[in-house]
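[1] Pasted the sequence and its predicted model underneath.
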Amino acid sequence: MLDEEKAKAFYLNFLGHAVDWEHRSAPENQGSPLYLKISQGDSVLHLNGHADKDTPTSEVRIPVEKLEAHCEFLRAKVTSEEKPEVVDPRYAGRKTDMNIYDQ
C-alpha cells in the first residue's frame, strides 16, 4: 500500500472486503507502516504498507461466481469514466476476466 486511506477506500468501501486484523510494527507511532489482512468470502488478501513508489506492481487473480453480476454491482459504484468490465483475454469467445486496478 502506498496510501492507507486510498487502499482502505478501494478494498473495503468499493470491493466490500472486511478487515480481519491490522498490525503496525510500532503501534505507538501512527505513521509506522500498516499490515492489513482483509477478506470477503473465501478471498483473503494481505496488504503491506511497507511498499514504496519503486515497488513492483503485482497481479491477483480471484475466482468469482456470477462474474457479470458482480461486475455490474461494482460498475454502479463507480463515478468516473473508467468502469470495470468483463473481458475475453484469450479471444476464445468467453468473457472470463474482469480487470480492476487499485491505483
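    Looks like it came in fine.
[2] who does the helix ranked longest in the chain touch, helix- and strand-wise?
    Longest helix in the chain by number of residues (criterion: DSSP state H): helix 67-75. Counting contacts by 3 or more C-beta pairs under 8 Å, 6 or more residues apart in numbering; DSSP states H and E, helix 67-75 is packed against strand 86-87, strand 97-98. In this view, the C-beta of every residue, glycine as well, is placed from N, C-alpha and C.
[3] Check which strands are paired with the last one and give the direction for each one.
    The reference is to strand 97-98. strand 86-87 (antiparallel) (DSSP bridges).
[4] What are the contacting residues of stretch 66-74?
    14-15, 64, 84-86, 95-96, 98, 100 (C-beta atoms under 8 Å, 6 or more residues apart in numbering).
[5] And the residues you listed, which of them are buried?
    Buried subset of these (neighbour count, 16 or more other C-beta atoms under 10 Å): 15, 64, 84, 86, 98.
[6] what's the distance between the second one and residue 70?
    Between residue 64 and residue 70 the distance is 5 Å, computed by C-beta to C-beta, to the nearest Å.
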